[in-house]
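K.L.:
When you get a sec, could you give me coordinates for this:
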Amino acid sequence: SEKPNEKWVTDITEFKLFGEKLYLSPMLDLFNGEIITYTIGSRPTYSLVSTMLDQALYCVTDPDKLLIHSDQGWHYQMKQYRHSLKNYGITQSMSRKGNCYDNAVIENFFGIIKSEFLYRKEFESITHFKQELAKYIEYYNHKRIKAKLKGMSPVQYRAHTLEAA
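P.N.:
Residues are numbered from 1 along each chain as shown. Here you go, the predicted structure:
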């Protein structure tokens, strides 16, 4: 991606904590790897995805220039989801069936969040986990540097690129 808000990717991952399952549905900008927004819930419902999409689109001025990629999960095949994208003029892209490499960037993010956050911290409760997750995503976007972003965090890189433009 050459600019912010051209290509986004999304998916859902599962966390197991305190004998419960939690589902994370983020939207990631391929331009800089920034997490635009996310939702988290105890069930992988359609509203988990639709709420996340609404939050993400709130951040965009011209959604008709946007492509959103996902796997072929049932959420992304639903009429309401496709209709929302169409209403905004967004191009929908989906992975080939059974090919996890097509959505490698978001899968990689899930690996990072699990290894750097989930497996390294102790949580007192689901509520505590959600609070710490918000802090981690804030850190991931604003402070965690990436070599491919010239040693900047996603937010720093976006700001730097927009200044240079």
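K.L.:
From now on I want contacts and neighbour counts done on CA atoms only, so please keep to that.
P.N.:
Fine.
K.L.:
Which element, helix or strand, includes Gly111?
P.N.:
Following DSSP states H and E, one finds Gly111 within helix 104-113.
K.L.:
List the contacts of stretch 41-53.
P.N.:
12, 20-27, 37-40, 75, 81 (Cα atoms under 8 Å, 6 or more residues apart in numbering).
K.L.:
ditto for stretch 7-19
P.N.:
Against stretch 7-19 from outside (Cα under 8 Å, 6+ apart): 1, 21-31, 44, 66-71, 103, 105-106, 110, 125-126.
K.L.:
again with stretch 91-109
P.N.:
9-11, 28, 30, 64, 66-72, 82, 85.
K.L.:
Tell me the buried residues within these.
P.N.:
9-11, 28, 30, 66-72, 85 (16 or more other Cα atoms under 10 Å).
K.L.:
Could I get those residues in TSV, plus columns for pLDDT?
P.N.:
Formatted as TSV, those follow (pLDDT from 0 to 100):
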residue	pLDDT
Val9	97
Thr10	97
Asp11	97
Leu28	98
Leu30	96
Leu66	96
Leu67	96
Ile68	97
His69	96
Ser70	96
Asp71	93
Gln72	92
Leu85	96
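K.L.:
Which single helix of the chain contains the most residues?
P.N.:
If you go by DSSP state H, the chain has its longest helix at helix 126-142.
K.L.:
That one - what's its average pLDDT?
P.N.:
Across helix 126-142, pLDDT averages out at 98.
K.L.:
low-scoring stretches of the protein, by residue?
P.N.:
Filtered on pLDDT under 70, the chain yields the residue ranges 98-101.
K.L.:
Do a quick rundown of the strands in it.
P.N.:
7-10, 13-17, 20-29, 35-41, 67-70, 91-94 (DSSP state E).
K.L.:
Neighbouring strands of the third one in the sheet, and parallel or not?
P.N.:
Spelled out, that is strand 20-29. Sheet pairing of strand 20-29 (DSSP bridges) gives strand 7-10 (antiparallel), strand 13-17 (antiparallel), strand 35-41 (antiparallel).
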